[in-house]
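Q: kindly return the folded structure for what I paste below:
(2 chains)
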Amino acid sequence: GAVVSQHPSRVICKSGTSVKIECRSLDFQATTMFWYRQFPKKSLMLMATSNEGSKATYEQGVEKDKFLINHASLTLSTLTVTSAHPEDSSFYICSASLAGGTGELFFGEGSRLTVL
Amino acid sequence: AQSVTQLGSHVSVSEGALVLLRCNYSSSVPPYLFWYVQYPNQGLQLLLKYTSAATLVKGINGFEAEFKKSETSFHLTKPSAHMSDAAEYFCAVSEASGTYKYIFGTGTRLKVLA
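A: Got it, this is the predicted structure:
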């Protein structure tokens, strides 16, 4: 149980276009999901906390207009990178928590974005 | 504020040797502590977690970690390394209040030599 799936796993886009990444909890309801960004050979940086039915909470330094997060249902959160530029190229990972759980997060497989 | 320090960005061990990956944390409240493993181009897989129960925690794939409050440490060990253990390992801390907001260490890349 507690499987989180991301789609797409890899995406290549042209500079200036927008890209949407989906994060789904497959066998549980996730009221809260988290989006991380991982730079090459670096740790995971928390970008934002996504709450179902409300606005996402962004970490300091993360542009909310650049990285649009929507959590419209208890099983789906989306991250849209708007007007993507090469510096947005990165590995994006989502995670979700089980309600009433013991603090454990379940992570998706990650999505590698390459902006040309 | 919480923080996590992983000493050694790269660790190399021989196959069959002891694996020791270090993690120290700082937290003003009782922490939850986690070790995750990441294989190339994949997400994170939970190895083990400490959530204020037993201080010696056993995880998957033969890994274990001991929570030492006096040393603010949560080092990861495995008695005998296997080639398949080669990966990136992350230590993470979150508040025990259940916020699920993790702070990750910078990661340690484990290399296993034949």
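
Q: now do the strands in the chain.
A: Went with chain A since none was named. A:4-7, A:10-13, A:19-25, A:32-38, A:44-51, A:57-58, A:67-73, A:76-81, A:90-97, A:105-107, A:111-115 (DSSP state E).

Q: not what I meant, chain B
A: Using DSSP E, strands in chain B cover B:3-5, B:10-14, B:19-21, B:24-26, B:31-38, B:44-50, B:56-58, B:64-68, B:73-78, B:87-95, B:103-104, B:108-113.

Q: which elements pack onto the first one?
A: Contacts defined by 3 or more CB pairs under 8 Å, 6 or more residues apart in numbering or on different chains; DSSP states H and E place strand B:3-5 against strand B:24-26, strand B:87-95, strand B:103-104. All C-beta spots, glycine's among them, are computed from the backbone N, C-alpha and C.

Q: now do 10 Å
A: strand B:24-26, strand B:31-38, strand B:87-95, strand B:103-104 (3 or more CB pairs under 10 Å, 6 or more residues apart in numbering or on different chains; DSSP states H and E).

Q: tell me the mean pLDDT over that strand?
A: The predicted model gives strand B:3-5 an average pLDDT of 90.

Q: what are the buried residues along it?
A: By 16 or more other CB atoms under 10 Å in any protein chain shown, the buried positions in strand B:3-5 come out as residue B:4.

Q: what bridges to residue 67?
A: Just going to use chain A. residue A:81 (DSSP bridges).

Q: chain B is the one I meant
A: Beta-bridge partners, per DSSP bridges, of residue B:67: residue B:74.
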